[in-house]
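Sharing a model that was predicted from the sequence below.
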Amino acid sequence: MRLSERVERRDFQGEFLDVILKAAADPSLISFAGGLPNPDSFPTEAVRAAVNKVFDEKGFNCLQYNAAEGYGPLRQKICDRYKATMGLDYSPEEIIITTGSQQAIDMFTACMIDEGDEMAVENPSYLAALQVFHHYGPKIHAIDLLSDGIDTEQLAEVLKTSNPKFMYIIPNFQNPTGLTYSEETRVKMAEIVKGSDMFILEDNPYGELRFQGQAGHSMAYFLPEQTCLVGTFSKIVAPGMRVGWIACKNKELLEKMAVYKSSMDLHTSIFDQMVINQFLEDNDLEAQVEKAKEIYRGKAQIMMDSIAEYCPEGVEYTKPEGGMFLWITLPEGMKAVDVQMEAIKKGVVVLAGDPFYEYDRDVRTMRVNYSRSTDEQMVTGMKIFGETIKSLM
Ligand SMILES: Cc1ncc(COP(=O)(O)O)c(C=O)c1O
């Protein structure tokens, strides 16, 4: 067998995750390593009712092949929500429904990047997006993420000295850091990007899960023609249904993405699309989002309180205004991988930051997920984690 170079390439991110997620699967461990939504937020009964109604009302149509671009009424609802929550104007023809937002990232990258092309990411970034990018062999510029968003000076320098085709950003409650761009950073970024021919791929899976503070503008507000937005129902309804989307105003790119998508999977499950659409028709999405936000607001607070109480001085952490993650920085001289391995021995899994960086290794940052654990697990787990750090200082 002669495998492609694409799949033979070393997958640092995948290897790293494999080891950790296998360890985290042990039910005797307390794990903050994953990124699963809390099932208490799932609208299980309402989805069950939507399933029955779809069968009753759509008959065989919910089981038939359908259009690659997605189900019209659902595309319309996504536009309505962009208008209501972000003040953005999209028409249904500018939305392609995808099999999770993960597929949207892949589809967009496939249409933009050839081997050796330049692109940019935040440093650190979402590790499964880095894995997608690696399949296409680009030269990646990793631009530091500061506490108020992307380092705009670095971005300006990169745009002056090189020619990235697009930059992938997660401006709200970023995975992995939990950080959010300030409005000032967004405005500055838009000014810098405006004069270039670089596209922005803005991923916003957590944007609706804001439990504190004011939302900033999307890059699509400043640069509608230069920005593609990626969205998902995974964090506000249910991830297992695999329904996401991409919103794009460039007609040529839209057409290419639709053709590419149809070569991958013909279309996203029409059954799942119809069920989500029915769920949205019959239920108040606002109330559903509110329920999820309340869960995460409480959990974020308990996690922050536990870190403050049990982690030694010198440990810093981000204070997320929404989403599912926060980011710990260990005292200087410490290695996150050492802490990760020692904590696992004591029954707690916290993910070292390494796989979220394109280039940096032996970092002293760690990602903490607070969406899935019980309150008791967070207190007990952070106590053990704090003792582990102290023992290695
Ligand atoms: C930043 C980011 N983008 C995309 C995804 C993929 O989500 P999905 O494919 O379920 O829509 C995730 C999942 O955790 C994520 O954190």
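Nice, thanks for sending it over. Residues are numbered from 1 along each chain as shown.

can you list contacts of stretch 131-145?
Residues outside stretch 131-145 that contact it (CB atoms under 8 Å, 6 or more residues apart in numbering): 6, 9, 11, 13-14, 102, 105-106, 109-110, 113-125, 130, 150-151, 154-155, 158, 162, 164-165, 167-168, 174, 177, 179, 357-359. For every residue, glycine as well, the C-beta is placed using N, CA and C.

now it: how far from the chain's centre is it?
16 Å (CA atoms, centre = their mean, to the nearest Å).

Quick one: end-to-end distance for that stretch.
19 Å (CA to CA, to the nearest Å).

Mind listing what's buried along it?
131, 132, 133, 134, 135, 136, 138, 140, 141, 142, 143, 145 (16 or more other CB atoms under 10 Å).

Which ones among those map onto helices?
Residues of those located in helices (DSSP state H): 131, 132, 133, 134, 135.

Can you add distance to residue 275 and give the residues you listed back as TSV?
Converted to TSV, these look like this (distance: CB to CB, whole Å):
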residue	distance to residue 275
131	29
132	27
133	31
134	33
135	30
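
Going by distance to the ligand, which of those wins?
Using CB to the nearest ligand atom, residue 132 comes nearest to the ligand of these, at 9.7 Å.

Kindly state the pLDDT recorded for that closest one?
With respect to pLDDT, residue 132 has a value of 97.

Now do it against residue 13, distance only.
Residue 132 sits 10 Å away from residue 13 when distances are taken as CB to CB, to the nearest Å.

One more: residue 315?
Distance of residue 315 to residue 13, given as CB to CB: 25 Å.

got the residues of the stretch 51-200 of the chain near the ligand?
100, 101, 102, 126, 170, 175 (CB under 6 Å from any ligand atom).

list the contacts for the second one?
Spelled out, it's residue 101. 203, 205, 230, 231, 232, 234, 244, 245, 246.

cutoff 7 Å now
By CB atoms under 7 Å, 6 or more residues apart in numbering, the residues touching residue 101 are 203, 205, 230, 231, 232, 244.

Quick check: phi and psi at the second one.
Main-chain dihedrals, residue 205, degrees, to the nearest 10: phi -70, psi -20.

How many neighbouring residues does the residue of the chain at minimum distance from the ligand have?
Nearest to the ligand, among the residues of the chain, is residue 100, at 2.6 Å (CB to the nearest ligand atom). Burial measure for residue 100: 21 neighbouring residues, criterion other CB atoms under 10 Å.

ok, now which ones touch it?
232, 234, 242, 244.

farthest pair in those residues?
The most widely separated members of those, counting by CB to CB, are 232 and 242 (9.0 Å).

between those two, who's got more neighbours?
residue 232 (22 against 19).

And the pLDDT for the more buried one?
Looking at residue 232, its pLDDT stands at 98.

Which residues of the stretch 201-350 of the chain lie near the ligand?
Residues of the stretch 201-350 of the chain lying near the ligand (CB under 6 Å from any ligand atom): 203, 205, 232, 234, 239, 244.

Could you verify that the fourth one is part of a helix?
No. Residue state for residue 234 (DSSP: H, G, I helix; E, B strand; the rest coil) corresponds to coil; a helix is not indicated.

Surely residue 317 and residue 325 touch.
No. The criterion here is CB atoms under 7 Å, and residue 317 misses it with residue 325 at 10.7 Å.

between those two, which one's more packed in?
residue 325 (24 against 18).

Can you tell me the closest non-neighbouring residue to that one?
Spatial nearest neighbour of residue 325, chain neighbours left out: residue 178 (4.6 Å); criterion: CB to CB, 6 or more residues apart in numbering.

Count the residues that sit near that neighbour.
Residues within reach of residue 178, counting by other CB under 10 Å, total 25.

Looking at it now. What's its pLDDT?
The model's pLDDT for residue 178 equals 98.

phi, psi of it?
Residue torsions, per degrees, to the nearest 10, at residue 178 are phi 80, psi 0.

Return the residues in contact with it.
Taking CB under 7 Å, 6+ apart, one finds 318, 320, 323, 325, 326, 327 in contact with residue 178.

Output those residues as TSV; include the columns pLDDT and secondary structure.
Converted to TSV, the contacts of residue 178 look like this (pLDDT from 0 to 100; DSSP: H, G, I helix; E, B strand; the rest coil):
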residue	pLDDT	secondary structure
318	97	coil
320	97	coil
323	97	coil
325	98	strand
326	98	strand
327	98	strand
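
Let me know the closest of those residues to residue 224.
Looking across those and measuring by CB to CB, the closest to residue 224 is residue 323, at 24.7 Å.

Residue 209 is in contact with the closest one, correct?
Yes. Under the criterion of CB under 7 Å, residue 323 makes contact with residue 209 at 5.5 Å.

Which of those two has more residues huddled nearby?
Taking neighbours as other CB under 10 Å, residue 323 and residue 209 compare with residue 323 leading, 29 against 24.

Which stretches in the stretch 51-200 of the chain count as helices?
Ranges of helices in the stretch 51-200 of the chain, per DSSP state H, counting those that start in this stretch, are 72-86, 100-112, 127-135, 152-161, 183-194.

packing partners for the first one?
In terms of contacts (3 or more CB pairs under 7 Å, 6 or more residues apart in numbering; DSSP states H and E), helix 72-86 is packed against strand 95-99, helix 270-282.

same question, the last one
When contacts are defined as 3+ CB pairs under 7 Å, 6+ apart, helix 183-194 sits against strand 149-150, helix 152-161, helix 219-222.

Tabulate those in CSV, adding columns for mean neighbour count and mean pLDDT.
Output for those, formatted as CSV (neighbours: other CB atoms under 10 Å; pLDDT from 0 to 100):
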stretch, mean neighbour count, mean pLDDT
strand 149-150, 24, 98
helix 152-161, 16, 98
helix 219-222, 20, 98
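
next one: the helix or strand where residue 385 lies to chain centre, how far?
Element membership for residue 385, per DSSP states H and E: helix 375-392. Offset of helix 375-392 from its chain centre (CA atoms, centre = their mean): 26 Å.
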